[in-house]
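Student: missing the sequence, but the structure's below:
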C-alpha cells in the first residue's frame, strides 16, 4: 500500500469509530451491530478480556438496555496492516 492508501484507510477507520460511538450513545443497536464484521475479536485491555463476535453480541444485548454513555475518541493509534486489516488503540 502506498502512503495515500494508508492515509485513506486511517480516515475510514476513524469514521467507523465515530459511527460506533454515535450508535452506542444513541442506542441505535442495529446500526451499531452493522459496524462490526463476523470475524470480530473484541479485546478489552483493562480486564484482559477477549470475546468472539457471537459472545460479544449476547453480552451486548443485555448491557445496551441500561446505562448512559458519552464517547469521546480524541486520540487514536492506527496500524494499517494491509488492505483488509488494521489494529487500533483508542484512548478515552
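Tutor: Received it, and whenever you're ready, just let me know what you need. All values derive from a computational prediction rather than experimental measurement.

Student: List the buried residues for stretch 20-28?
Tutor: Within stretch 20-28, the residues scored as buried using 16 or more other CB atoms under 10 Å are 20-21, 23-24. Quick note: C-beta positions are derived from backbone N, CA and C, even for glycine.

Student: typo on my end, stretch 26-43
Tutor: residue 32.

Student: Can you give me the first-to-last residue distance of that stretch?
Tutor: Counting by CA to CA, to the nearest Å, you get 23 Å between the two ends of stretch 26-43.

Student: what's the answer for stretch 58-68, then?
Tutor: End-to-end distance (CA to CA), stretch 58-68: 19 Å.

Student: Please report how far the residue nearest to residue 16 when sequence neighbours are not counted lies from residue 4.
Tutor: Leaving aside its chain neighbours, residue 16 sits nearest to residue 35 (6.0 Å; criterion: CB to CB, 6 or more residues apart in numbering). According to CB to CB, to the nearest Å, residue 35 and residue 4 sit 25 Å apart.

Student: and the closest residue in space to residue 82 that isn't next to it in sequence, how many neighbours?
Tutor: With sequence-adjacent residues excluded and distances taken as CB to CB, 6+ apart, residue 82 is closest to residue 1, at 7.1 Å. Applying other CB atoms under 10 Å, we find 12 residues neighbouring residue 1.

Student: repeat for residue 90
Tutor: 17.

Student: Bridged to it, which residues?
Tutor: When bridges are taken as DSSP bridges, the partners of residue 90 come out as residue 76.

Student: picking that back up, give the contact list for the residue nearest to residue 82.
Tutor: 9, 80, 82-83 (CB atoms under 8 Å, 6 or more residues apart in numbering).

Student: Kindly report the same for residue 90.
Tutor: Here residue 90 is in contact with 17, 73, 75-76 (criterion: CB under 8 Å, 6+ apart).

Student: top of the residues you listed by neighbour count?
Tutor: residue 17 leads the contacts of residue 90 on contacts (other CB under 10 Å) with 17 neighbours.

Student: Distance of it relative to residue 41?
Tutor: For residue 17, the distance to residue 41 - CB to CB - is 17 Å.
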